[in-house]
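> here is the input, now give the coordinates:
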Amino acid sequence: MRLLANTCSLFNRDTGLEEISDNVKNASCDVSRDNNGRHVVTTSFAYVRYAPSDWFWGSAVTKAVDVDEVEAVDEGCQAKVVAAVKSVGAEADQCFELVLREGATSVTVITSSVTERDDWLTALRRLLERRIGEQRRAWVSALFLETATGQGEERSVTLTQATNILTSVGRQVNPHYGAVISHSILKSAGTKNGNTESMMNEDQFLQFFDLAAGRPQIKQIYERLVVRLSGQCSLNGAAFYDFLRTEQKEAQLSVDDARNWIHEMEPVLLRSRCLSDIGFTNYMLDEKQNIFRRDLRHVYQDMTRPLSHYFIATSHNTYLTKDQLRSKSSVDAYINVFKRGGKCVELDCWDGSGNEPVIYHGHTLTSKILFKDVIEAVRDHGFVVSQCVSRDPPTS
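Below you'll find the predicted structure:
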């Protein structure tokens, strides 16, 4: 689509398509620089209006593109429209392209100069970034409001509730780590406590969500992938498919599979069929991406054969808490193994004083524990957790 120069403007959705700038030539009304020389865009801009190729001077007929429908903003133009661009005395480097969502026709815009084009690229890309940020915040805020108690600005959640919210969206948070984050946030806000009953308002919950749910390593991968996509602020279906094929080695997946993943994992940018950093993190943390096969989590082998027919994962020097020369021996070390499902432990038994056998790493400086105490721990804890044996602990 060929567009005439000096006819593209930004509009404000909140005022019903009221024009903010006269034309691209006066784009300083829309794109300004702050004290650090950076481009600044007003966040209320939501539409781009342009004059289509059949537009004529004096005509009131123009078109508008909702920024929410824009997937990316690319420099230059497609090869098929180069001739049309040159027919109006312009060059490809004066153009930029609004790449719309799947199923919609992209729009090529001609500006009066390369500098003007760069201003538009900066403005629109900043705008896309902020739109994604706004959608992300709205999603997290909705999670907060579903659980929060109170009215208006008094709405709040406890640390326990905040942790449960994260769990509901697939983010398991260690209770101690959650308490540390909560304490830091509330302390910064002037609140003394950070325990499970301390209340977080919406802004504090948003901070908690970002800190507790974020995975810096995954976000680095996401940002690297997005940087490859000039003009984009999120990961589109094609780029995600390329990532799955080339980096994840998912050779059997199709483009439709990638789109289905986006639909399943993305909570923020569903309309645009792209992955935000949250959706990408959801994908990377999903159990389907686990290096271990899910179908092997359950015991499927024949467990009725003699013990000598099996390879056995055993705990070595189970009683030791640290090194094998001078560390402390502990009954709790056995209990911890049993709680994790361990079934084969080591008891190094030695004669002790008063005819009480002891357990320790013989001929070393490790401390000694009573054989009797360890056997009692086996009785009380050895048969509680098991994937293979279903029985009650012995009563004597």
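
> ok, the nearest residue to Y283 once chain neighbours are set aside - contacts?
Among residues not flanking Y283 along the chain, M265 sits closest, at 4.6 Å (CB to CB, 6 or more residues apart in numbering). The way it works is simple: take the backbone N, C-alpha and C, and place the C-beta from them, glycine included. Counting by CB atoms under 8 Å, 6 or more residues apart in numbering, M265 makes contact with L275, G279, F280, N282, Y283, D286.

> show me where the stretch 101-250 of the chain has its helices.
114-147, 159-168, 175-188, 202-213, 216-228, 237-246 (DSSP state H, counting those that start in this stretch).

> with distance to T314, mean pLDDT and mean neighbour count added, can I get the ones you listed in TSV?
Putting those into TSV (distance: least, CB to CB, whole Å; pLDDT from 0 to 100; neighbours: other CB atoms under 10 Å) gives the following:
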stretch	distance to T314	mean pLDDT	mean neighbour count
helix 114-147	45	80	17
helix 159-168	34	85	18
helix 175-188	30	81	16
helix 202-213	37	84	19
helix 216-228	33	82	13
helix 237-246	39	86	18
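
> which one, of the ones you listed, ends up nearest to T304?
Ranking the helices of the stretch 101-250 of the chain by proximity to T304 (CB to CB) places helix 159-168 first, at 37.9 Å.

> figure out how far that closest one is from the centre of its chain.
Mean-position distance between helix 159-168 and its chain equals 16 Å (CA atoms, centre = their mean, to the nearest Å).

> where does the prediction get shaky in the stretch 251-396 of the chain?
Along the stretch 251-396 of the chain, segments meeting pLDDT under 70 span 270-272, 294, 386-396.

> can I get stretch 348-357 as CSV, trimmed to CA atoms?
Extracted in CSV, the C-alpha atoms of stretch 348-357 (Å, rounded to 0.1, in the frame of the first residue of the first chain):
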residue,chain,number,x,y,z
ASP,A,348,28.4,-48.1,60.1
CYS,A,349,28.1,-50.0,63.4
TRP,A,350,30.8,-50.1,66.1
ASP,A,351,30.9,-51.3,69.7
GLY,A,352,30.2,-48.6,72.1
SER,A,353,30.4,-48.1,75.9
GLY,A,354,27.9,-49.8,78.1
ASN,A,355,27.1,-52.5,75.5
GLU,A,356,25.4,-49.8,73.3
PRO,A,357,26.4,-50.1,69.7
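
> and that stretch, how far from the chain's centre?
55 Å.

> next, the buried residues of it.
Judged by neighbour count (16 or more other CB atoms under 10 Å), stretch 348-357 contains these buried residues: D348, G352.

> so what touches that stretch?
Stretch 348-357 is contacted by residues N317, Y319, V358, I359, Y360, H361, G362, K368, L370, F371, K372 when judged by CB under 8 Å, 6+ apart.

> can you do 6 Å?
Under the contact criterion CB atoms under 6 Å, 6 or more residues apart in numbering, stretch 348-357 has outside partners V358, I359, G362, L370, F371.

> and stretch 201-213, by the same measure?
Stretch 201-213 has contacts (CB under 6 Å, 6+ apart) with V140, F144, S156, V157, A162, L166, R171, V173, G178, I181, I185.

> dump the residue contacts of the third one.
Neighbouring residues of S156 by CB under 6 Å, 6+ apart: A148, G150, M199, M200, N201.
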